[in-house]
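[1] with the input below, show me the fold.
(one chain, ligands or ions: 1)
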Amino acid sequence: MTYEPPAIYGIIGHPLTHSLSPLMHNAAFKSLQVNAVYKLFPLGGDQELKLFMEDLREEGNPIFGLNVTVPYKEKILPFLDAVDPFAAKAGAVNTIVITHQRKMRGFNTDGPGFLSHLSELGFDPKGKRIAILGAGGTARAILSVLCLINDRPAGIKLYNRTVDHAQKLAAQLGQNMDASLVEVVHSPEDLNVELADCLINTTSVGLKGEDKLLIDPDAVHPDMLVYDVIYNPPQTALLKAAKSKGAQISNGLGMLYYQGILAFKHWAGVDIDGKCKAIMRKALQEGLKNES
Ligand code: ATR
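    I've put the predicted structure just below:
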């Protein structure tokens, strides 16, 4: 019997210490009996990114697929040979497929992953009023997908601590898509959460227990979905407050799961069967339990 070295997959970013992606993807490789392993590739800066991307071009490099996370989702674009239309419009890539010829194609599965999770939650964004907190990478993916779907929301209000970041993001997206439904507001009160059908927190506020709420919880009402992309802790102060007001709540573990499923599909070239999907979701849930 000859030894076949495993194909390597992984995630590049910084920091990566809390990434749950290896658990999910390694569980899938094991379940499908694929000779592959998913690793963490922490890259400390732009120079390290450049060298890593140059190495990927070398014949014989065993890496055939990558996820990309903070702070490289936008910086990665110039290193790729091709970028899928949605990722190009969003201006961010979180998944790379690498061929045996060492050609690299970028995709964004964060936006579609978020949409899949919304659908699982029974929330149809068509005609709805959406309020979004934050203007970083996650907000970029969510805004892009909401602007690009056929059945779009009625309007999206966007608030960010640094208003200029929100304005720049909206302007940038406006160059690639019709982002006229996005209105940048200057204070959390102007999000009009009391009139919103869905509030989405994409900021890191809530990661720490002592973090103060960015919005007035009294504005939350029972006829809305409050979605926090944070999944550790599983219930942020925002979600707890929203639950006490009778709103439907969700953390972002489902978004992480669906973006992973879609990334795996790009690498494998085929959809994963239901049994394997269930194993991936369980791996995520157990990984989260062990972290907290
Ligand atoms: P991600 O890729 O997860 O979206 P990011 O791109 O670093 O991460 O974005 C972080 C978001 O959280 C930003 O909108 C940031 O606001 P600024 O643009 O003002 O930096 C927001 N954020 C981080 N800490 C915050 C805080 N203490 N209060 C309010 N917003 C905060």
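[2] which residue is the nearest non-sequential neighbour of Gly106?
    Excluding the flanking residues, the one nearest Gly106 by CB to CB, 6 or more residues apart in numbering is Val93, at 3.5 Å. C-beta: built from backbone N, CA, C; applies to glycine.
[3] now do Asn176
    Using CB to CB, 6+ apart, the closest residue to Asn176 is Lys89 (4.2 Å).
[4] ok, now Glu58?
    Arg102 (7.0 Å).
[5] contacts only, for the residue in the stretch 51-200 of the chain positioned nearest to the ligand.
    In the stretch 51-200 of the chain, no residue comes nearer to the ligand than Gly136, which is 1.9 Å away by CB to the nearest ligand atom. Gly136 makes contact with Val70, His165, Thr202, Thr203, according to CB atoms under 8 Å, 6 or more residues apart in numbering.
[6] ok so, going back, does the residue nearest to Glu58 sit in a helix, a strand or a coil?
    Secondary structure for Arg102, judged by DSSP: H, G, I helix; E, B strand; the rest coil, is coil.
[7] up against the ligand, what does the stretch 101-250 of the chain have?
    134-139, 160-162, 165, 202-205 (CB under 6 Å from any ligand atom).
[8] which of the residues you listed fall in strands?
    Per DSSP state E, strands hold no members of those.
[9] got a PyMOL select line for the buried ones in those?
    The buried residues among these can be selected in PyMOL (16 or more other CB atoms under 10 Å) with this line:
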select buried, resi 134+135+136+137+138+139+160+165+202+203+205
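[10] can you pull out the low-pLDDT segments for the protein?
    Low-confidence segments of the chain, defined by pLDDT under 70: 1.
[11] domain assignment for it?
    As assigned by automatic domain parsing, the chain contains the domains 7-108+254-291, 111-251.
[12] which residues touch the one residue sitting closest to the centre of the chain?
    Centrality entry for the chain: nearest residue to the mean C-alpha point is Asp110, 3.6 Å, by CA atoms, centre = their mean. Contacts for Asp110 (CB under 8 Å, 6+ apart) come out as Ala92, Asn94, Gly137, Thr138, Ala141, Ile142, Met255, Gln259.
[13] let's see 6 Å
    Contacts of Asp110 were listed using CB atoms under 6 Å, 6 or more residues apart in numbering, and they are Asn94, Ala141, Gln259.
[14] would CSV of these with neighbour count and secondary structure be doable?
    Listed next are the contacts of Asp110 as CSV, based on neighbours: other CB atoms under 10 Å; DSSP: H, G, I helix; E, B strand; the rest coil:
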residue, neighbour count, secondary structure
Asn94, 29, coil
Ala141, 29, helix
Gln259, 26, helix
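[15] what's the closest non-adjacent residue to Phe79?
    Met53 (4.2 Å).
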